[in-house]
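Q: build me a model from this:
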Amino acid sequence: MQVLMLSLFVTLFARLWYLQVFTGEEYQAKATEQSVREVVVQPSRGLIVDAEGRPLATNRTSWVVSVDRTVLGKQSEADRTALLKRVAHTVGVKYSEVLARTRLCGAPKAKKGTCWNGSPFQPIPVAEDIPQTTAVQISEQTEDFPGVLAQAETVRSYPAPYGINAADVLGYLSPITGQELDDAKKSDDQTVNGASVVGRAGLEKTYDQWLRGVPGVTRVTVDSMGRTLGDSGQVAAQPGDTLVTSIDAKVQSVAEHELHKAMMTARATYDPVTHKNYVADSGAVVVLNAHNGNVVAMASQPTYDPSVWVGGISSKELKELYSKKAGEPLLSRATQGQFAPGSTWKPIMTVAAFNNGYNAGSRLDCSSGLQVGGRWFKNYESANYGVIDFAKALQISCDSFFYRVGLGFWTQFGSNPKNVNAKDPLVAMAKQFGFGAKTGLDIPGEASGRIADRKWKLAYWNSMKGFYCKVDKQNKTGKRDFLHIYAHEFCLEGNQYKATDAVNFAIGQGDTIVTPIQLARAYAALSNGGTLYAPRIAKAVVGPDGKVIKRIKPLVQGHVKSKKSALKYVDAALLGTPKVGTLAWKFGGFPLDKVQLRGKTGSAEVYGKQSTSWVATYTKDYVVVMMVTQAGTGSGTSGPAVRAIYEALYGIRGEDVNAARAAIAGVVPPKGLPVFAPDGSILPPLRRKQ
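A: Residues are numbered from 1 along each chain as shown. Okay, here's the model as predicted:
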């Protein structure tokens, strides 16, 4: 027994010596680690600047209060409730909201959109943008706020130089989702965490990987009750990179202002067709660099304030952004809106005609209308101009002239309406100019538009015949309203591409739809001789140290396969539109001899609505396209706005052109990047003297 007792004591003392002496430092370090909390420090998101270095999206400081769930878990329910109520009272937020924010998503009673989807070991933000005095109060009274941290963090800010909005271009941020966080962990992505915000639209989304930066960590020492004792070290966060864009804030400001002004003027104008004022419910404007496809300005109406997303968005605000009553502000009409192009389509049809038998000497009748099948297709206001050439037809926008072009090709190549493989030069040329497909613009969500050719019509009939045939079959009383007449005809022969489809296609009507950015890209190809560029907004990514990380060069997507003579003819013909054509009454006194402007107007008809106003124009430097839905004629509504944009671009006052007054120094966009000075300031690009 003595030997046994001695052996047990020797073993016990040996173990104690091993733990306290031999490995004492290791266990002491582990014990110390248990009193340290790691707090993720979010990085400053990279700036977004315009071509001159003006800030479009920056950051500001926001004081944020966070709660450590680990500490909350150690407290009794009564103490936990008292603490959260104390926090809620101090920061001026309802207790129910603070409580909801501390719940993990997926847990019982978790509220979607409010619950915490990050790590349960990461302090959870429960209040943002609190006064600094409140943050100091919480930090100084740690005994009253165990496990509560008050820190300064950066949040997105939109300086709006020259009062611009640019929401559709910039996009917005929102908190990372649980799925995105899981995906990031699987790919070992260290740039995001449970408290990260990520890009959801616009440039913020496309270039998120460069803008977001890399989070840092601050180690905070706490006692057994979770009260902060001090910092024990940190790993600094790496700020995000700066994105330089091709947007010019001055031009963007003019474009936004003129679009809004055009819509307001239209709403105050009487429509003699519908006998009420124009609705003018949406619009878009695009300004492109004709040489490389860079976007100089792009705006859409209705729009929204991008700062509404900062610090979280309420359900009411989110519902408003998706509301049809509010005009669906989140829908960018410039890139996602799809509309019949109307007569702005005719230059493309002219190029097609000149590549398939027509020439400068070709002349057709611009009659008051044309009978096609059982339908009379009228010219605008039933005007009759007699036999004219293509140039005159473009300038006065003669519909019946182009009806004959479309009907001629249909008769020559595809008079069998059931032949889906029939040759169609007009459709082929539209695709050459990039219609019916996305342009490759470097912001997400772009629509592809639609070429309503024979194959599309057959596919659409196959997908919809069940619905319309059912409507037709159920029409026992023989109703003759539009829906039932259309349903009857569609059910019988909706798969056939008839002569009426061909003549509609030739003037940009029917089922063909385009986006404003697509039309602008096509007119840029007319300006530069046939090169199709993927529109680009970003020019370069620049690191925090001012070094260029990535240059985003113009991307050539293709070349229009056309005779050069056809493109030159259309180019020359469109010079006449603002001189003697449909734009002339809005461009009187404009120095067309000094700024050689080409243009085309369009008034696209939409069943049950007022006409869509289009103006598509270009010079050797720029393309400007404007569209306003339910706003009447192209020249009447959009003409003055487009003129004002060109006056800003070239520094025009009356008939005087002065480059010193131009919105962009030197008139043309800079090829170089802004200068990033050692002190952190961003200066305009260096320009060579002309």
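Q: so which bits of stretch 343-352 are buried?
A: Buried residues in stretch 343-352, counted by 16 or more other Cβ atoms under 10 Å: 343, 344, 345, 346, 347, 348, 349, 350, 351, 352. C-beta here means a position set from N, CA and C on the backbone, and glycine is covered the same way.
Q: which one of those residues is nearest residue 260?
A: Residue 260 lies nearest to residue 344 out of the buried residues of stretch 343-352, by Cβ to Cβ, at 21.6 Å.
Q: about what we covered before: of the buried residues of stretch 343-352, which belong to helices?
A: Of the buried residues of stretch 343-352, the ones assigned to helices by DSSP state H are 346, 347, 348, 349, 350, 351, 352.
Q: what segments of the stretch 51-200 of the chain are strands?
A: Remark: strands assigned in the stretch 51-200 of the chain by DSSP state E, counting those that start in this stretch are 55-67, 124-130, 148-157, 173-175, 197-199.
Q: dump those to JSON lines, plus mean pLDDT.
A: Output for the strands of the stretch 51-200 of the chain, formatted as JSON lines (pLDDT from 0 to 100):
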{"stretch": "strand 55-67", "mean pLDDT": "92"}
{"stretch": "strand 124-130", "mean pLDDT": "87"}
{"stretch": "strand 148-157", "mean pLDDT": "88"}
{"stretch": "strand 173-175", "mean pLDDT": "87"}
{"stretch": "strand 197-199", "mean pLDDT": "90"}
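Q: out of these, the one nearest residue 267 is which?
A: Residue 267 lies closest to strand 55-67 among those, at 29.2 Å (Cβ to Cβ).
Q: direction included, what does that closest one pair up with?
A: Strands that pair with strand 55-67, judged by DSSP bridges, come out as strand 48-49 (antiparallel), strand 124-130 (antiparallel), strand 148-157 (antiparallel).
Q: rebuild the ones you listed as TSV, extending it with distance to residue 165.
A: Listed next are those as TSV, based on distance: least, Cβ to Cβ, whole Å:
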stretch	distance to residue 165
strand 48-49	14
strand 124-130	22
strand 148-157	14
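Q: hang on, the earlier thing: ok, the buried residues of stretch 343-352 vs residue 282, which is closest?
A: Residue 282 lies nearest to residue 344 out of the buried residues of stretch 343-352, by Cβ to Cβ, at 17.1 Å.
Q: how far away is the closest one from residue 518?
A: Between residue 344 and residue 518 the computed distance is 11 Å (Cβ to Cβ, to the nearest Å).
Q: so, low pLDDT: which residues of the stretch 51-200 of the chain?
A: Residues of the stretch 51-200 of the chain that meet the criterion pLDDT under 70 lie in 113, 117-119, 121.
Q: leaving aside the residues next to it on the chain, what's closest to residue 660?
A: Nearest residue to residue 660, sequence neighbours excluded (Cβ to Cβ, 6 or more residues apart in numbering): residue 651, at 6.4 Å.
Q: tell me the contacts of the one you found?
A: Contacts for residue 651 were tallied using Cβ atoms under 8 Å, 6 or more residues apart in numbering; they are 657, 658, 659, 660, 661, 662, 663, 667.
Q: per the record, what domains does the chain have?
A: Split into domains by automatic domain parsing, the chain comes to 36-245, 249-453+497-661, 454-496.
Q: picking up where we left off before, of all the strands of the stretch 51-200 of the chain, which lies closest to residue 22?
A: The nearest among the strands of the stretch 51-200 of the chain, by Cβ to Cβ, is strand 148-157 at 37.7 Å.
Q: alpha carbons of that closest one, as CSV, please.
A: C-alpha atoms of strand 148-157 as CSV (Å, rounded to 0.1, in the frame of the first residue of the first chain):
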residue,chain,number,x,y,z
VAL,A,148,-20.3,45.6,-27.2
LEU,A,149,-17.9,47.3,-29.6
ALA,A,150,-18.1,50.7,-31.1
GLN,A,151,-15.9,51.2,-34.2
ALA,A,152,-15.4,53.5,-37.1
GLU,A,153,-16.0,51.8,-40.4
THR,A,154,-16.1,53.1,-44.0
VAL,A,155,-19.4,53.0,-46.0
ARG,A,156,-20.1,53.9,-49.6
SER,A,157,-20.7,57.6,-50.5
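Q: run the chain-centre distance for that strand.
A: The chain centre lies 28 Å from the centre of strand 148-157; the measure is Cα atoms, centre = their mean, to the nearest Å.
Q: that one: which residues count as buried?
A: Buried residues in strand 148-157 (16+ other Cβ under 10 Å): 148, 149, 150, 151, 153, 154, 155, 156, 157.
Q: for the second one, name its beta-bridge partners.
A: Spelled out, it's residue 149. Taking DSSP bridges as the rule, residue 149 bridges to residue 66.
Q: so it sits against residue 123, correct?
A: Yes - contact criterion Cβ atoms under 8 Å: residue 149 and residue 123 qualify, at 5.5 Å.
Q: closest to residue 66 out of the buried residues of stretch 343-352?
A: Set against residue 66, the nearest of these by Cβ to Cβ is residue 344 (54.2 Å).
Q: surely that closest one and residue 598 touch.
A: No - using Cβ under 8 Å, residue 344 makes no contact with residue 598, being 11.9 Å away.
Q: all strands for the stretch 551-690 of the chain, in order.
A: Under DSSP E, counting those that start in this stretch, the stretch 551-690 of the chain gives strands at 555-559, 598-604, 612-618, 622-629, 652-653, 656-657, 675-676, 682-683.
Q: ok, back up a step: how about the domains of the chain, which one is nearest residue 687?
A: Residue 687 lies closest, by Cβ to Cβ, to one member of the domains of the chain: domain 36-245, at 10.5 Å.
Q: okay if I get the domains of the chain as a markdown table plus distance to residue 673?
A: Converted to a markdown table, those look like this (distance: least, Cβ to Cβ, whole Å):
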| stretch | distance to residue 673 |
| --- | --- |
| domain 36-245 | 5 |
| domain 249-453+497-661 | 5 |
| domain 454-496 | 43 |
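Q: the ones you listed: lowest mean pLDDT?
A: Ranked by mean pLDDT, the domains of the chain end with domain 36-245 in last place, scoring a mean of 86.
Q: hang on, the earlier thing: next, format the strands of the stretch 551-690 of the chain as TSV and append mean neighbour count.
A: Output for the strands of the stretch 551-690 of the chain, formatted as TSV (neighbours: other Cβ atoms under 10 Å):
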stretch	mean neighbour count
strand 555-559	13
strand 598-604	28
strand 612-618	29
strand 622-629	28
strand 652-653	16
strand 656-657	14
strand 675-676	17
strand 682-683	15
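Q: which one of those strands lies nearest to residue 512?
A: Shortest distance between residue 512 and the strands of the stretch 551-690 of the chain, using Cβ to Cβ, is found for strand 598-604: 10.0 Å.
Q: list the helices and strands the closest one packs on?
A: Contact here means 3 or more Cβ pairs under 8 Å, 6 or more residues apart in numbering; DSSP states H and E; on that basis strand 598-604 packs against helix 564-574, helix 577-580, strand 612-618, helix 634-650.
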